[in-house]
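>>> Sequence and predicted structure, then a few things I'm wondering about:
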Amino acid sequence: MTNSAASLDDNHPRRPLVAALLSLALPGLGQLYNGELNKGLWLFLANVLIFVPGVTVAALYAPSALMLPLLIICVLLSLGVFIGTVADAWRGARARRIYVRREWQTSGLYALLFLACNTWVYSLLVDTIRLHQVETFHIPNVSMEPGILRGDFLFADKRYNCPNCKSRVEAGDIGIFVYPNDRTLYYIKRVIGLPGDHIAIKGRAVSVNGESLTREEAAEGERIVVTEKSGAHEWRARWKKDGAGAELDITVPPGQIFLLGDNRDFSMDSRKFGTVPLADLVGKARQIWFSKGDDGVRLDRLGKVVE
């Protein structure tokens, strides 16, 4: 009688719903609840290491034509692993109708792991990737048209303009930088002049160190589209057909850069707020991974490399 009572007291059957909810909150936590410590650890690592590093590889290291397919595969694989983790926790709990709970299996430990992993492991990994590898940005205005449209979402390469970085700043790069008048904002513009460069703007003509950037002009509706080139970079800039333009003559100070938006009559850039510290250039626009306009998703822009 005594032994039977003790056995009933020691039995703590695992509840499938609790196991599934724990794995929803933190992948692998449901397996820990089921007493599968090793499986829980590996499933947690799988969920952590597939999505964020996978997106990084797709955005930075894969050939541009493969970026979008790899990104889709990464998202689907991550979702599959996550759902599989939850389902495994449910099945594991159903198989443990008779279970002796271990001393460390307490609600306090589950809460501690949830907080530690979400506020430390995930945050540390995501912050490291965003600071030093790749970050995604949404374009809210038309200042970089026609190359970059309002509603584009793009990857910015953060391995740029930093100590030991292989990617150096060049004229023609599309840079992400801290807006000088509000350091909580990031702006995106094209680098036109580097430290020491002489910039001259007269009407639609832009020249750097006495050499015109203009290669050709063409009328498109109410706009004049100018093809410009600097080094290996070639791009299109847009002006109003009847715009008077503006005159500017400046030598870029040491440690500064001069930036222009490609949509010249609708851009807040170095013509308005002056040159920008080179140190405030934090990334280079790389590739569009999603785009949505007033008419819906722009499928033709998905995966487009920005020039």
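Received, thanks.
>>> how close does Glu220 get to Lys241?
9 Å (Cβ to Cβ, to the nearest Å). From N, CA and C alone the C-beta is placed, and that goes for glycine too.
>>> should've said Leu115
When distance is defined by Cβ to Cβ, Leu115 is 59 Å away from Lys241.
>>> Counting by contacts, list what the lengthiest strand in the chain packs against.
Determined from DSSP state E, the single longest strand within the chain is strand 281-293. Contact here means 3 or more Cβ pairs under 8 Å, 6 or more residues apart in numbering; DSSP states H and E; on that basis strand 281-293 packs against helix 64-94, strand 134-138, strand 152-157, strand 174-178, strand 186-193.
>>> after that strand comes which helix or strand?
Counting by DSSP states H and E, the next helix or strand C-terminal to strand 281-293 is strand 296-297.
>>> For that following strand, which strands pair with it and how are they oriented?
Taking DSSP bridges as the criterion, strand 296-297 forms sheet pairs with strand 281-293 (antiparallel).
>>> Could you list the buried residues of the partner strand?
The neighbour-count check on strand 281-293 (16 or more other Cβ atoms under 10 Å) flags Leu281, Val282, Gly283, Lys284, Ala285, Arg286, Gln287, Ile288, Trp289, Phe290, Ser291 as buried.
>>> now that strand and strand 174-178, what's the angle there?
Strand 281-293 runs at 110 degrees relative to strand 174-178, counting by axes from the mean of the first three to the mean of the last three Cα atoms, to 10 degrees.
>>> Centre of the chain to strand 281-293, how far?
From the chain centre to the centre of strand 281-293 is a distance of 8 Å (Cα atoms, centre = their mean, to the nearest Å).
>>> cool, stretch 38-54 as well?
The chain centroid and the centroid of stretch 38-54 are separated by 20 Å under Cα atoms, centre = their mean.
>>> again, but for stretch 126-141
Worked out by Cα atoms, centre = their mean, stretch 126-141 lies 3 Å from the chain centre.
>>> What of stretch 18-29?
Centre-to-centre, stretch 18-29 and its host chain are 27 Å apart (Cα atoms, centre = their mean).
>>> So for that stretch, what gets flagged as buried?
By 16+ other Cβ under 10 Å, the buried positions in stretch 18-29 come out as Val18, Ala19, Ala20, Leu21, Leu22, Ser23, Leu26, Pro27, Gly28, Leu29.
>>> quick one: average confidence on that stretch?
Looking at stretch 18-29 alone, the average pLDDT works out to 95.
>>> Report the beta-bridge partner residues of the residue lying closest to Val297 once chain neighbours are set aside.
Distances taken as Cβ to Cβ, 6 or more residues apart in numbering place Ser291 nearest to Val297, at 6.9 Å, with adjacent residues excluded. Using DSSP bridges, the bridge partners assigned to Ser291 are Asp152.
>>> and what of Arg190?
Arg190 has the following beta-bridge partners by DSSP bridges: Ile174, Leu260.
>>> what does Ala156 give?
The bridge-partner assignment for Ala156, based on DSSP bridges, gives Glu135, Ala285.
>>> Against Gly296, how distant is it?
Noted for Ala156: a distance of 25 Å to Gly296, by Cβ to Cβ.
>>> who has more neighbours, these two?
Counting neighbours by other Cβ atoms under 10 Å for Ala156 and for Gly296 shows that Ala156 has the greater number, 23 against 9.
>>> residue contacts, the more buried one?
Residues in contact with Ala156, defined by Cβ atoms under 8 Å, 6 or more residues apart in numbering, are Val134, Glu135, Thr136, Phe137, Ile176, Val282, Gly283, Lys284, Ala285, Arg286.
>>> Then Glu234?
By Cβ under 8 Å, 6+ apart, the contact list for Glu234 reads Gly172, Arg215, Thr227, Glu228, Glu307.
>>> so which of the residues you listed comes closest to Ile148?
Glu307 (9.7 Å; Cβ to Cβ).
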